[in-house]
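Participant: Compute the structure for the input listed below.
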Amino acid sequence: MQLRTVAITVVLCALAELITGALLSARIADGLFQERLSQVKEEAAASLRGAQTTFDAGMGGNISATRTLVGDQLKTMRGDGSGMQPDTVLRVMPGEGRQWVPDSASSDAAEASITAALQEAVAEGNGVHWQSVTLRIDGRKEPGLAFGYKVQLPPERNYGLYLVYNLSQVQGTLNLIHGVLLLGGSLLLVVIGAIAWYVSRRALQPVAEAAATAEQLARGALDERMHVEGQDEVARLGRSFNRMADSLAAQIVQLETLSQMQQRFVSDVSHELRTPLTTVRMAAEVLHDARDDFDPINRRSAELLYDQVERFQTLLNDLLEISRFDAGAAVLDAGEWDLIPVAKRAIETAIPHAEAAGSTIDLVAPDTPVVVEMDPRRVERIVRNLVMNAVEHGEGRPIEVRVAGDAGAAAVAVRDHGIGLSPLDVARVFDRFWRKDAARARTTGGSGLGLSISMQDARLHGGWLQAWGEPGEGSVFRLTLPRVVGQRLSASPLPLADPVPGAAAEAEAEAVDADDTEWFPRVAEVFQEAEVVGEAQAEDADETGPVPGTLPPGLAGASAPTGAMPVVSPGAGAQESDTKPDAARPAPVPGAPSPEAPGPQHRAAPERPRGEDKE
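Facilitator: This is a model prediction of the structure:
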């Protein structure tokens, strides 16, 4: 801004100097010309009329005497070397016949400068006529003045007698003045530029300091303040800025304190509830095992008690896990694992719930292992939450789980054909305890924290968790992981949705970038595809609040690798982005099949009991 201010000042001053200099130059040139014109005009008129008087007084009948008289007079008119010495030109008028005195000129430049217009004016009038002319001397053009007068020589012949004055001295004076104006204007511009730089620096320095202080505050340096001196407007601005920073810092500290108290409260309550909950759970298991000996009413009460205690246990575990993420204590236990057995194990856990809901779960995966550096327990939890979410909201329709990989990433996509969601739900899908329909009962007994925890797990791997949906058409949740932890993702090996001509626009809620080291678990942003999301939908999505953990939609996905079948059916359209509620965590299924044996180039994730599902 300082450079722009100096540049604008110098340019405007240069324009002002240019206009002023042009006006001054015109006035000075006109003044010099008028002064020299008035000086030589009287001198030329007197000299020309005096020549006619001399010719009349000394005129005789001798040609030689006449020529000598004319020559001497012309020499006298040219002067003796002092002052301005004009050149003389003598020309006979056209049609005068035989003349005694031939045409003569003291210089070729003077003779060539006499124009036909001046000759005509002299021939027609009796007075002294003048004209500005151009003298060509040694290839140079110099300004001049030509004066003409009609004289009569024997034998009664009319001649045009001309005096030509060279104004090169006047032009030299004008050039000197132009040089002085140019040099003075240049020096003045330098001085003006220096003054503008100094003044703008003094004026803008507090603004630059305020901008730097604001940047430091934005980076978290809450004790940064502006240096204030004086009592002027800038000092008032600095003091107001510092007061604002003090107020914001106090509010931020207060909010952080409240947040820490809330996190500590949730963590403490969760830990304190584990012991009595364990006792209640043991009593509930005893009653549940002996329910066959009870009457129908007590038997049903024992079953309800057992189910609700299990759900309470799941909710408590999820709260403990969320508190670890909030405290930044979550640790990734990464190793090279095959993603396919992990997905199979999550599907097998959800099969009993899917059968109860009337849905089928199909797995589409390549024949070769998809080895990824990951924490298998966390990834299995993500996939299980997504599958259970699809079962919960799949309306008894088929569910497809697809696994694929490429050189840089691996992905798991879960597709259901259930209720779907509107674009307004995109901004809420990963919120804690959020539900699309609060009146809708949970059929799988989830805690409402599944998708929120899944988002945290995905980000912990440096991956993406993305969603697409359309009301009445179902939805797709896609997990994309880098092959190596810490590697930046640029594309996904699986498409998020199959585009269909004429279908509605697609919107996406995407996971947090792995390089976003300053990400805070409760704060994130919403990124939506500008090319396909309508303005009204984008405004509605902005009003609903941020989506925890998002990425620019340019990283939304890529085409599927060879040999992998699409997740969505051929008739499914890529509609406007919708998302779906948190997946409910299922109860453990006794007798679930063991994982497949590891291949020669990978190892399968170990089977963990339900109690180890959380950190």
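
Participant: drop to CA atoms for contacts and neighbour counts, all remaining ones
Facilitator: Will do.

Participant: can you map out the helices along the stretch 101-250 of the chain?
Facilitator: 108-113, 116-124, 168-218, 233-289 (DSSP state H, counting those that start in this stretch).

Participant: Kindly report the same for the stretch 401-550 of the chain.
Facilitator: With DSSP H, counting those that start in this stretch as the criterion, the stretch 401-550 of the chain has helices spanning 450-460, 535-544.

Participant: Lowest average confidence across the ones you listed, which one?
Facilitator: Among the helices of the stretch 401-550 of the chain, helix 535-544 carries the lowest mean pLDDT, at a mean of 39.

Participant: quick revisit: what's the closest of the helices of the stretch 101-250 of the chain to residue 402?
Facilitator: helix 233-289 (35.8 Å; CA to CA).

Participant: What is the following helix or strand past that closest one packed up against?
Facilitator: Next along the chain after helix 233-289, taking DSSP states H and E as the criterion, comes helix 296-327. Applying 3 or more CA pairs under 8 Å, 6 or more residues apart in numbering; DSSP states H and E, one finds that helix 296-327 makes contact with helix 233-289, helix 450-460.

Participant: sorry, back to before: out of the helices of the stretch 101-250 of the chain, deepest packed?
Facilitator: helix 108-113 (a mean of 18; mean count of other CA atoms under 10 Å).

Participant: who touches it?
Facilitator: 87, 88, 89, 105, 133, 134, 135, 136, 137, 146, 164 (CA atoms under 8 Å, 6 or more residues apart in numbering).

Participant: Am I right that the third one sits in a strand?
Facilitator: Yes: with DSSP: H, G, I helix; E, B strand; the rest coil as the criterion, residue 89 is part of a strand.

Participant: What distance do you get for the spatially closest residue to residue 37 that is not a sequence neighbour to residue 42?
Facilitator: The spatially closest residue to residue 37, leaving aside those adjacent along the chain, is residue 145, at 8.0 Å (CA to CA, 6 or more residues apart in numbering). Going from residue 145 to residue 42 by CA to CA, to the nearest Å gives 13 Å.

Participant: again with residue 464
Facilitator: For residue 464 relative to residue 42 (CA to CA), the value is 98 Å.

Participant: neighbour count winner among those two?
Facilitator: Counted by other CA atoms under 10 Å, residue 464 and residue 42 do not tie: residue 464 has more neighbours, with 31 against 10.

Participant: and the more buried one, bridged to which residues?
Facilitator: residue 480 (DSSP bridges).

Participant: where does the stretch 251-400 of the chain dip in pLDDT?
Facilitator: 326-327, 329 (pLDDT under 70).

Participant: now do the chain
Facilitator: Where the chain drops to pLDDT under 70, the residues are 59-61, 80-83, 97, 326-327, 329, 426, 436-447, 498-615.

Participant: next one: stretch 333-351 to chain centre, how far?
Facilitator: 42 Å (CA atoms, centre = their mean, to the nearest Å).

Participant: how does the chain divide up, domain by domain?
Facilitator: Segmentation of the chain into domains, based on automatic domain parsing, reads 2-175, 230-329, 331-612.

Participant: Helix or strand for residue 400, just tell me which one.
Facilitator: With DSSP H and E as criterion, residue 400 is part of strand 399-405.

Participant: Give me the sheet partners of that strand and which way each runs.
Facilitator: Strand 399-405 is paired, per DSSP bridges, with strand 361-364 (parallel), strand 409-416 (antiparallel).

Participant: Looking at these, spot the one closest to residue 294.
Facilitator: Going by CA to CA, the one of these nearest residue 294 is strand 361-364, 36.9 Å.

Participant: Output the closest one as PDB, restricted to C-alpha atoms.
Facilitator: What follows is strand 361-364, C-alpha atoms only, in PDB (Å, rounded to 0.1, in the frame of the first residue of the first chain):
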ATOM      1  CA  ILE A 361     -24.700 -56.800   2.400                       C
ATOM      2  CA  ASP A 362     -22.500 -57.500  -0.600                       C
ATOM      3  CA  LEU A 363     -18.800 -57.100  -0.700                       C
ATOM      4  CA  VAL A 364     -17.000 -56.100  -4.000                       C
END
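
Participant: And it, how far out from the chain middle?
Facilitator: 44 Å.

Participant: For it, buried residues please.
Facilitator: Buried residues in strand 361-364, counted by 16 or more other CA atoms under 10 Å: 361, 363, 364.

Participant: where's the first one relative to residue 392, distance?
Facilitator: Residue 361 sits 13 Å away from residue 392, going by CA to CA.

Participant: swap in the second one?
Facilitator: Counting by CA to CA, the separation of residue 363 from residue 392 is 18 Å.

Participant: And the last one, by the same measure?
Facilitator: Here residue 364 is placed at a distance of 21 Å from residue 392 (CA to CA).

Participant: before we move on, what about residue 250?
Facilitator: 44 Å.

Participant: likewise residue 292?
Facilitator: Residue 292 sits 30 Å away from residue 392, going by CA to CA.

Participant: Tell me which of the two has more neighbours.
Facilitator: residue 392 (27 against 12).

Participant: Who are the contact partners of residue 65?
Facilitator: So residue 65 contacts nothing (CA under 8 Å, 6+ apart).

Participant: Regarding this protein, what is its longest strand?
Facilitator: What stands out as the longest strand in the chain, according to DSSP state E, is strand 140-153.

Participant: Between helix 168-218 and it, find me the angle.
Facilitator: 150 degrees (axes from the mean of the first three to the mean of the last three CA atoms, to 10 degrees).

Participant: ok, back up a step: save the buried residues of strand 361-364 as TSV, and put in distance to residue 492 too.
Facilitator: Shown next, in TSV, are these (distance: CA to CA, whole Å):
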residue	distance to residue 492
361	22
363	18
364	16
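
Participant: got the CA coordinates for stretch 207-220 in CSV?
Facilitator: The C-alpha trace of stretch 207-220 is given here as CSV (Å, rounded to 0.1, in the frame of the first residue of the first chain):
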residue,chain,number,x,y,z
VAL,A,207,-1.9,0.0,10.0
ALA,A,208,0.9,-2.5,9.1
GLU,A,209,1.6,-3.0,12.8
ALA,A,210,-2.2,-3.6,13.4
ALA,A,211,-2.2,-6.2,10.5
ALA,A,212,0.8,-8.0,11.9
THR,A,213,-0.7,-8.0,15.4
ALA,A,214,-4.0,-9.4,14.0
GLU,A,215,-2.1,-12.2,12.2
GLN,A,216,-0.3,-13.0,15.4
LEU,A,217,-3.6,-13.1,17.3
ALA,A,218,-5.0,-15.4,14.6
ARG,A,219,-2.1,-17.8,15.1
GLY,A,220,-2.9,-18.0,18.8
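
Participant: what does it contact?
Facilitator: So stretch 207-220 is contacted by 222, 223, 224, 225, 226, 238, 241, 245 (CA under 8 Å, 6+ apart).

Participant: Contacts only, for the first one.
Facilitator: Residue 222 is in contact with 216, 245, 249, counting by CA under 8 Å, 6+ apart.

Participant: still on that earlier bit, pretty sure the residue nearest to residue 37 is in contact with residue 133, am I right?
Facilitator: Yes: with contact defined as CA atoms under 8 Å, residue 145 reaches residue 133; the gap is 5.6 Å.

Participant: and the two? which has more neighbours close in?
Facilitator: Taking neighbours as other CA under 10 Å, residue 145 and residue 133 compare with residue 145 leading, 23 against 20.

Participant: for the more buried one, which residues make a bridge with it?
Facilitator: residue 132, residue 165.

Participant: mind checking how far it is from residue 16?
Facilitator: 34 Å.

Participant: Could you do residue 221 as well?
Facilitator: On the measure of CA to CA, residue 221 and residue 16 end up 47 Å apart.

Participant: now residue 41
Facilitator: 37 Å.

Participant: And those two? Which one has more around it.
Facilitator: Neighbour count, other CA under 10 Å: between residue 41 and residue 16, residue 41 has more, with 17 against 12.

Participant: Of the strands paired with strand 399-405, which is nearest residue 172?
Facilitator: Here strand 409-416 is closest among the strands paired with strand 399-405 (CA to CA), at 81.0 Å.

Participant: sorry, back to before: show me what contacts the residue nearest to residue 37?
Facilitator: Contacts of residue 145 by CA under 8 Å, 6+ apart are 37, 130, 131, 132, 133, 164, 165, 166, 167.
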